[in-house]
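[1] structural data only, the sequence is not supplied:
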């Protein structure tokens, strides 16, 4: 199916219902109804068409969270455009690559961010576009679109090299949104606090679409700020919150009484985009009385697997395949492995993108007989729960033994004084590779000798880190994913 009919349940069917609020710098809080977004996006669609955009054209946005991002997205859905969200933390090298690769007609950005764009990049300032749109008619214009109509070109995080653009269709977003809204039991009575960036599929494909499909209420913030989190939760009183592990770590700093009151109102806290340490999962449960639902997705596939809404949300796992997704775990030859045996996750479903933009070789390498090879290593338990063990590219082979870094990283995070941990393979003349641990620590609490002694009681000898490298912090993407290729080599 195309996406717009799903969203029309709110844009048209709940036109008079209060839908949205946003704090504007130097101005009063903005309140909008669902019908306001229908009218605003129609006007933007007219403004974009007047600027020459037509079905299939690419249009990028380089913006912090603001309601105009939603207007642009909905206008793109209606016009059949291909929207290119760009990470606001990217700078010259990354921006040059994405804009050269996607060749958008223009980049919609703000005045304060336009200076980061490469020289010569065509850009439209969002406030000028909004003013232009205000003079356009509010009547809907909509191109006929289907499930296969491309809607967005979203670039992978580029943790191992130049990022690739995943071509996601209207059907991909429709299947993903409908499944999540149903499985996570969204209703029109929910209140969703949205602090995730809208340039990422977590905040956009999951959050915005669950909101519009269900007709719940949404409060958008420009970004997540730990200093304001307590005020947001107390003032808005959300029932739903989506976050990344780093956000949940900061939420553990709230006073117990306040955390318990927030948790009593919070029916759903979802974590994704990076692995959630089991220790954080348990501490949040103890402090808030709310059990985080961890799930697993990718830019190329949107959501694949999730812990159940009703049922055990098992710490350290990403749960069970979602209703619309088939998952198998395979050896390097593509044969399914037995339960309890690590292998690569292969997925198939209407959520999987149509390929990589202008990368036929990469597309051919990632798909096999209709299955998408995720590159993620996981193991399935006897009851179906899946535990991720890291990227295929992260696998360390030491003396013929396979080492999955996440197993060591999880154990390190349980040790006193360890705030962050990452394990990579370092060249070794005898064993080929040996594991090396990078740790960010609280020096007063961390005892390396005691940590090494404990690891010897918990892990096989070939899994023992051969060195500990202390760093101030691990390099991460905007959504908290560790960029191991940027770690200094020992």
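    Received it, and whenever you're ready, just let me know what you need. Not measured: the values here are computed from a predicted model.

[2] contacts only, for residue 339.
    380-382 (CB atoms under 8 Å, 6 or more residues apart in numbering). All C-beta spots, glycine's among them, are computed from the backbone N, C-alpha and C.

[3] and if you look at residue 35?
    Residues in contact with residue 35 (CB under 8 Å, 6+ apart) are 11-12, 14-16.

[4] tell me which element it falls in.
    Using DSSP states H and E, residue 35 maps to helix 34-50.

[5] what's the following helix or strand after that helix?
    Moving toward the C-terminus from helix 34-50, the first helix or strand encountered (DSSP H and E) is strand 58-62.

[6] any weak-confidence spans in this structure?
    In the prediction, the chain carries residues with pLDDT under 70 at positions 157-161.

[7] how close does the most far-flung residue of it relative to its centre get to residue 398?
    When distances to the mean C-alpha position of the chain are computed (CA atoms, centre = their mean), the maximum falls on residue 430, with 39.4 Å. Summarising the geometry, the distance separating residue 430 from residue 398, computed by CB to CB, to the nearest Å, is 10 Å.

[8] give me phi/psi at residue 476?
    Torsion angles at residue 476 (phi, psi; degrees, to the nearest 10) stand at phi -130, psi 160.

[9] I should have written residue 65 there, sorry.
    The phi/psi pair for residue 65 (degrees, to the nearest 10) reads phi -60, psi 130.

[10] so in terms of bridging, what pairs with the closest residue to residue 194 other than its chain neighbours?
    Of all residues not flanking residue 194 in the chain, residue 220 sits nearest, at 4.9 Å (CB to CB, 6 or more residues apart in numbering). As for beta bridges, residue 220 partners with residue 22, residue 194 under DSSP bridges.

[11] so residue 220 sits against residue 20, correct?
    Yes: at 6.9 Å, residue 220 and residue 20 qualify as touching, with contact defined as CB atoms under 8 Å.

[12] out of the contacts of residue 339, which are buried?
    Buried subset of the contacts of residue 339 (neighbour count, 16 or more other CB atoms under 10 Å): residue 380.

[13] the contacts of residue 339 in strands, which ones?
    When those are checked against strands using DSSP state E, the ones located there are residue 380.

[14] pipe the contacts of residue 339 into a markdown table and attach distance to residue 119 per row.
    Shown next, in a markdown table, are those (distance: CB to CB, whole Å):
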| residue | distance to residue 119 |
| --- | --- |
| 380 | 50 |
| 381 | 53 |
| 382 | 58 |
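
[15] which residues sit in contact with the most centrally placed residue in the chain?
    In the chain, the residue lying closest to the centroid (CA atoms, centre = their mean) is residue 202, at 3.6 Å. Contacts here follow CB under 8 Å, 6+ apart; on that basis residue 202 touches 196, 242, 244, 272-273, 297, 479.

[16] highest neighbour count among those?
    Ranked by neighbour count (other CB atoms under 10 Å), the contacts of residue 202 have residue 196 at the top, with 29 neighbours.

[17] neighbours around the nearest residue to residue 233 once chain neighbours are set aside, how many?
    Nearest in space to residue 233, with sequence neighbours left out and distances taken as CB to CB, 6+ apart, is residue 262 at 4.6 Å. As a burial measure, the neighbour count of residue 262 was computed by other CB under 10 Å and equals 24.

[18] just to revisit the earlier point, where's the residue nearest to residue 194 relative to residue 236, distance?
    As for residue 220, its distance to residue 236 is 11 Å (criterion: CB to CB).

[19] kindly report the same for residue 329.
    In this structure, residue 329 lies at 40 Å from residue 236, with CB to CB as the measure.

[20] and what of residue 261?
    Separation of residue 261 from residue 236 (CB to CB): 13 Å.

[21] list residues touching both of those two?
    Once CB under 8 Å, 6+ apart is applied, it turns out that residue 261 and residue 236 contact no residue in common.

[22] domains in the protein, as residue ranges please.
    Per automatic domain parsing, the structural domains of the chain span 1-169, 395-486.

[23] between these, which one is closest to residue 365.
    Minimum separation from residue 365 across those (CB to CB) falls at domain 1-169, 10.9 Å.

[24] who does residue 403 bridge with?
    According to DSSP bridges, beta-bridge pairing links residue 403 with residue 396.

[25] give the contact list for it.
    Contacts of residue 403 were listed using CB under 8 Å, 6+ apart, and they are 395-397, 425, 435, 462-463.

[26] highest neighbour count among the residues you listed?
    Across the contacts of residue 403, the neighbour count under other CB under 10 Å reaches its highest value at residue 396, namely 23 neighbours.

[27] residues in contact with it?
    Residues counted as contacts of residue 396 (CB under 8 Å, 6+ apart) are 402-405, 423-425, 433-435.

[28] for the residue farthest from the centre of the chain, list the residues it contacts.
    By CB under 8 Å, 6+ apart, the contact list for residue 430 reads residue 399.

[29] am I right that it is in a strand?
    No: with DSSP: H, G, I helix; E, B strand; the rest coil as the criterion, residue 430 is assigned coil and is not in a strand.

[30] how close does it get to residue 462?
    Per CB to CB, residue 430 is found 12 Å from residue 462.

[31] shared neighbours of the two, anything?
    Residues touching both residue 430 and residue 462 (CB under 8 Å, 6+ apart): residue 399.

[32] around the closest residue to residue 189 other than its chain neighbours, how many other residues sit close by?
    Leaving out its chain neighbours, the residue that sits closest to residue 189 by CB to CB, 6+ apart is residue 216, at 7.0 Å. The criterion is other CB under 10 Å. On that basis, residue 216 has 22 neighbouring residues.

[33] so residue 216 touches residue 191, yeah?
    Yes: at 6.7 Å, residue 216 and residue 191 qualify as touching, with contact defined as CB under 8 Å.

[34] tell me the contacts of the residue nearest to residue 233?
    By CB under 8 Å, 6+ apart, the contact list for residue 262 reads 233-234, 254, 288.
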